[in-house]
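> Let me see the structure of the following:
(2 chains)
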Amino acid sequence: MNACVASFAVSCNAEDRMGVNTLQSEAKLNRFLADVEKRALRIAEINIRDRDEALDLVQDAMIKLARNYADRPEFEWTPLFYRILQNRIRDWQRRRAVRNRVMVWFGKGNEDQDYDPVAAAPDLAGRAPDEELQTQEAMQSLEGAIAKLPARQREAFMLRMFEGLDVAGTAVAMGCGEGSVKTHYSRAVHSLRETLGEHWQ
Amino acid sequence: MNERKDVTAEDEFAEKAKRLFDESVNRLDGETLSRLNRSRHAALAELDKGRAAWVRWVPATGVAAAAVMAVIVWTGVPVVDDLSAPAVVTDMEILLTEDSLEMLEDLEFYSWIELSEDTDEAQEPANNVG
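Just a heads-up that it's a prediction; the model follows:
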């Protein structure tokens, strides 16, 4: 009889342990996603210039990370998450390019021009209007310049500069070598400085 | 000298770009933050879904193991008696053959034969004397 009670107790303990582990890993993942989600959204938005679509892409990336990579070590999450997101962004851009070609064929304009940076601009946060305007204009200029970069330079710049990934992490996120990351990043910075001009700095 | 100036300018550029980006992140509107929050919870629900599939078998497995143990403990371990088992099988073979059943019917006759053989054996030594 004792053996039977022990057997049941072992299974209950295992379940409790799993429950605690599940809660712990869920809390960790929650913290990670909460930390990364806003920057990820802005990076996606600057890439595709559409907030609603960017929100969808970020959600897809979050779900895929939770479903497939939640059991990986925490330090791998950031590059993995951005790799998923970058793949989603690339797929989205490919689909848009095809759609635009079809639209041009049927005589319709480029939908990308519908993007309204003023509507997408963040709310005022208790600043003087002229200061806020300057900040927003500077960010819009930067976003415009980033949008003109080749895709790989854009990715390298945003992951390194905005997300703060190191060269190795950026290489994982971009799916390329560290040397390529350095080259893309350096070219991106050079190109942006040239485009924005000295007055911006 | 020019190289140093360029490095400084590049650092300033990086600093300003990062600051502008961080500010734009911090000033995301409430509706966007709410949607991000919902997205995060959708992702976490996915995490639960994946685990629930095998976690729900754990208590069932535990109960089943406990039940098996209870049955074993309650009824006693089925010990196989090496000596008695073949005997039982042999008895059953004998009982199930037709000849054996006929033998059982003539049990009284066989008892009489046995008795009479015993009596003959008892008388034979006396006859041999002399």
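
> hey, let's count contacts and neighbours off CA atoms from now on
Fine.

> can you list the domains in chain B?
B:2-73, B:81-121 (automatic domain parsing).

> Show me the strands in chain B, by range?
With DSSP state E as the definition, chain B shows no strands.

> which residues of it fall in helices?
For chain B, the helices defined by DSSP state H cover B:2-26, B:30-55, B:57-75, B:84-96, B:98-105, B:107-128.

> Out of the domains of chain B, which gets the lowest mean score?
Lowest mean pLDDT within these: domain B:81-121, a mean of 63.

> who's in contact with the residue lying closest to residue B:43 once chain neighbours are set aside?
Distances taken as CA to CA, 6 or more residues apart in numbering or on different chains place residue A:63 nearest to residue B:43, at 4.2 Å, with adjacent residues excluded. The neighbours of residue A:63, taking CA atoms under 8 Å, 6 or more residues apart in numbering or on different chains as the test, are B:40, B:42, B:43, B:44, B:46.

> Just give me the closest of the residues you listed to chain A.
Closest to chain A out of the contacts of residue A:63 is residue B:43 (4.2 Å), distances taken as CA to the nearest CA.

> According to the record, where do the domains of chain A fall?
A:1-115, A:130-201.

> would CSV of those domains with mean pLDDT be doable?
Listed next are the domains of chain A as CSV, based on pLDDT from 0 to 100:
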stretch, mean pLDDT
domain A:1-115, 82
domain A:130-201, 91
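
> still on that earlier bit, just the buried ones from the contacts of residue A:63, in PyMOL syntax?
Here is the PyMOL command that selects the buried residues among the contacts of residue A:63 (16 or more other CA atoms under 10 Å in any protein chain shown):
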select buried, chain B and resi 40+42+43+44+46
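
> can you put the contacts of residue A:63 in CSV and add distance to residue A:79?
Formatted as CSV, those follow (distance: CA to CA, whole Å):
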residue, distance to residue A:79
B:40, 18
B:42, 21
B:43, 17
B:44, 19
B:46, 20
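
> Let's verify whichever residue of chain A sits closest to chain B: helix, strand, or coil?
Ranked by CA to the nearest CA, the top residue of chain A for proximity to chain B is residue A:63, at 4.2 Å. On the three-state scheme (DSSP: H, G, I helix; E, B strand; the rest coil), residue A:63 is labelled helix.

> Count residues in the vicinity of the closest residue to residue A:174 other than its chain neighbours, would you?
Of all residues not flanking residue A:174 in the chain, residue A:83 sits nearest, at 5.9 Å (CA to CA, 6+ apart). Residue A:83 has 20 neighbouring residues, counting by other CA atoms under 10 Å in any protein chain shown.

> show me what contacts residue A:83?
A:172, A:173, A:174, A:175.

> now the helices: where do they sit in chain A?
Per DSSP H, chain A carries helices over the ranges A:2-48, A:51-68, A:74-105, A:117-120, A:129-148, A:151-157, A:167-174, A:178-200.

> I'd like the average pLDDT over the shortest one.
Think helix A:117-120. Mean per-residue pLDDT for helix A:117-120: 57.

> What is the neighbour count of residue A:54?
24.

> now it: how far from residue A:141?
Counting by CA to CA, to the nearest Å, the separation of residue A:54 from residue A:141 is 20 Å.

> For residue A:50, give me the backbone phi and psi.
With angles defined as degrees, to the nearest 10, residue A:50 sits at phi -160, psi 110.

> Now do it against residue A:40, distance only.
Taken as CA to CA, the span from residue A:50 to residue A:40 is 13 Å.

> between those two, who's got more neighbours?
residue A:40 (26 against 18).

> Ignoring the adjacent residues along the chain, who's closest to that one?
Nearest to residue A:40 is residue A:58, by CA to CA, 6+ apart, at 6.8 Å.

> List the contacts of the one you found.
Applying CA under 8 Å, 6+ apart, the residues near residue A:58 are A:37, A:40, A:41, A:44, A:85, B:39.
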